[in-house]
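Participant: how would this look folded up:
(one chain, ligands or ions: 1)
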Amino acid sequence: MKVRIMRGAHEIGGSCVELDAGGSRIVLDVGKPLWAGWNDTVPLPPVPGLADGDDPSLAGVVISHSHFDHYGLLPQVDSRVPLYIGREAAAVIGASAFFSPAGLHLDPTGYLVDREPFRLGAFTITPYLVDHSAFDAYALLVEGEGRHLFYTGDIRGHGRKASLFDRLLGDPPRPVDVMLCEGTHLRPADDDHADEPPRTEDDVELSLAQRMSDADGAVVVVSSAQNIDRLVTVYRACKRAGRTLVTDLYTATVAHSTGRATIPQPGFPGFQVYVPNRQRVLVKESGEFSRLDLIDGCRVFPEELAAAPGAFTLLMPSSAIPELVRSKVLDGGVVAWSLWPGYLEDAGGMRLPESLERECIPLVIDHVSGHAPVADLQRLATALNPGRLVPIHTEASDRYGEFFDSAEIHADGEWWEV
Ligand SMILES: [Zn+2]
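Facilitator: Numbers count the residues shown, from 1 in each chain. Next comes the predicted model:
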């Protein structure tokens, strides 16, 4: 079995890996690089048959999880190429399409199921459900010509599904000849963003609950609508603090799309929905008013929120904050940034800290990464005991040797034997 990393050997985002065995090929992930804007066109990696669907040796594409830097180039992949992804991951991506350029309506050939091997060309693929900030995310064990490659995808062990990481450590696949290992938190030596201190989703829950107890006014948590783990965290914090959770329509729609009755969504006690102006306009202009049926009976309006702000915690996109300020919902309140803090530093985000300061609204950060710290990656490598460990999804591949015994670096585009 041969493999080449098409993108990701030296960067975070845009991951794409091609494998070749027994006369057939498969592709793991076709991400859009993080440096590309929504409107930038990025060519597909030059994998034969990917763009035109004309090469029968290409048996299919497998998407590890529902983050744009892992599936964002799918619209350029020919629809005849078989596609595999988690069922709920596909549902989340589909539910996002109305609200975000990141969304897509997919028509998968088959779905990934935890620890259920399936054949694709000359390969046998076993998905392993993992803990990550994307819902329904998988690591992938790929067997071809008797060799075994384990692709971590994006992975962590400190989220709401931390038990999946422990299960992988306790019952790892064997043997693993190559572990293709993400290294988001391996940082270049001159990087001043040090590895973050170990913190879990449970820590974020407790911290947010404390902020809700301390604040007189509303608490607005800014997060991603697709981060279901964080939704659960905020809902649990609300329960602790005796507050009602108010999400936007996008978050409510995504939560509902999972089809999971255990995920907080409209109909849950203490769950209401406010439709921010931008989403209200989207519904009006599309004429898709049935989208509001979902929030029948739990929709809430700014006057109600402003009348008793201390009773509510809002989980909202940052774009909704100005209208919440204008309608006095945030008087006496606090904004908790629950995304990667780097997003606060970019040009668009810089205006948020300044405008909140002008309004005397405190801005705090309550976040934990979707990726494992280096120590957890080491624990995983010890458990899997791979013959070789190859970096991907990292800006510090040259540092893997400091942390892993069997590190071996391969550049983008280079074929090598598993
Ligand atoms: Zn991811």
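
Participant: flag every buried residue along stretch 118-133.
Facilitator: 120-123, 125-133 (16 or more other C-beta atoms under 10 Å). C-betas here are computed from N, CA, C, even on glycine.

Participant: stretch 179-199: which residues count as buried?
Facilitator: Buried-residue list, stretch 179-199, by 16+ other C-beta under 10 Å: Met179, Leu180, Cys181, Glu182, Gly183, Thr184, His185, Leu186, Arg187.

Participant: and it, anywhere near the ion?
Facilitator: No: figure legend: stretch 179-199 not in contact with the ion (C-beta under 5 Å from the ion); closest approach 8.5 Å.

Participant: average pLDDT for that stretch?
Facilitator: The pLDDT scores in stretch 179-199 average 81.

Participant: same deal with stretch 156-168?
Facilitator: According to the model, stretch 156-168 has a mean pLDDT of 96.

Participant: would it count as contacting the ion?
Facilitator: No: if you take C-beta under 5 Å from the ion as the test, stretch 156-168 misses the ion, and the best it gets is 9.6 Å.

Participant: report the buried residues of that stretch.
Facilitator: Buried, per 16+ other C-beta under 10 Å, within stretch 156-168: Arg156, Gly157, His158, Gly159, Arg160, Lys161, Ala162, Leu164, Phe165, Arg167, Leu168.

Participant: now those residues in JSON lines, with secondary structure?
Facilitator: Shown next, in JSON lines, are the buried residues of stretch 156-168 (DSSP: H, G, I helix; E, B strand; the rest coil):
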{"residue": "Arg156", "secondary structure": "strand"}
{"residue": "Gly157", "secondary structure": "coil"}
{"residue": "His158", "secondary structure": "coil"}
{"residue": "Gly159", "secondary structure": "coil"}
{"residue": "Arg160", "secondary structure": "coil"}
{"residue": "Lys161", "secondary structure": "coil"}
{"residue": "Ala162", "secondary structure": "helix"}
{"residue": "Leu164", "secondary structure": "helix"}
{"residue": "Phe165", "secondary structure": "helix"}
{"residue": "Arg167", "secondary structure": "helix"}
{"residue": "Leu168", "secondary structure": "helix"}
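
Participant: burial count for Glu304?
Facilitator: Per other C-beta atoms under 10 Å, the neighbour tally for Glu304 reads 16.

Participant: state the pLDDT value of it.
Facilitator: 97.

Participant: which bits of this protein sit near the ion?
Facilitator: Checking the chain against the ion by C-beta under 5 Å from the ion, the hits are His67, Asp154.

Participant: after the helix or strand of the chain with the lowest mean pLDDT comes which helix or strand?
Facilitator: Using mean pLDDT, DSSP states H and E, helix 342-345 stands out as the lowest-scoring helix or strand of the chain, at a mean of 80. Counting by DSSP states H and E, the next helix or strand C-terminal to helix 342-345 is helix 351-358.

Participant: just checking, what packs against that next one?
Facilitator: The contact analysis (3 or more C-beta pairs under 8 Å, 6 or more residues apart in numbering; DSSP states H and E) places helix 351-358 against helix 321-326, strand 363-365.

Participant: give me the mean pLDDT for it.
Facilitator: Helix 351-358 comes out at a mean pLDDT of 89.

Participant: so what touches that helix?
Facilitator: Helix 351-358 is contacted by residues Ser318, Ile321, Pro322, Val325, Val335, Leu344, Pro362, Leu363 when judged by C-beta atoms under 8 Å, 6 or more residues apart in numbering.

Participant: which stretches of the stretch 1-150 of the chain have low pLDDT?
Facilitator: Under the criterion pLDDT under 70, no range of the stretch 1-150 of the chain is flagged.

Participant: quick one on the thing from earlier: now the least confident helix or strand of the chain: buried residues?
Facilitator: Leu344.

Participant: make sure I have this right: His410 is in a strand.
Facilitator: No: per three-state DSSP, His410 lies outside any strand segment and is coil.

Participant: still on that earlier bit, farthest-apart pair in the buried residues of stretch 118-133, please.
Facilitator: Across the buried residues of stretch 118-133, no pair lies farther apart than Ala122 and Ser133, at 33.1 Å, counting by C-beta to C-beta.

Participant: run a quick neighbour tally on the residue in the stretch 301-418 of the chain positioned nearest to the ion.
Facilitator: Distance from the ion to each residue of the stretch 301-418 of the chain (C-beta to the ion) is smallest for Gly370, at 5.8 Å. As a burial measure, Gly370 scores 23 neighbours (other C-beta under 10 Å).

Participant: do Gly31 as well
Facilitator: 26.

Participant: ok so, going back, farthest pair within the buried residues of stretch 156-168?
Facilitator: Taking C-beta to C-beta, no two of these sit farther apart than Arg160 and Leu168, at 15.7 Å.

Participant: now, which of the buried residues of stretch 156-168 sits nearest the ion?
Facilitator: Using C-beta to the ion, the buried residues of stretch 156-168 come closest to the ion at Arg156, 9.6 Å.
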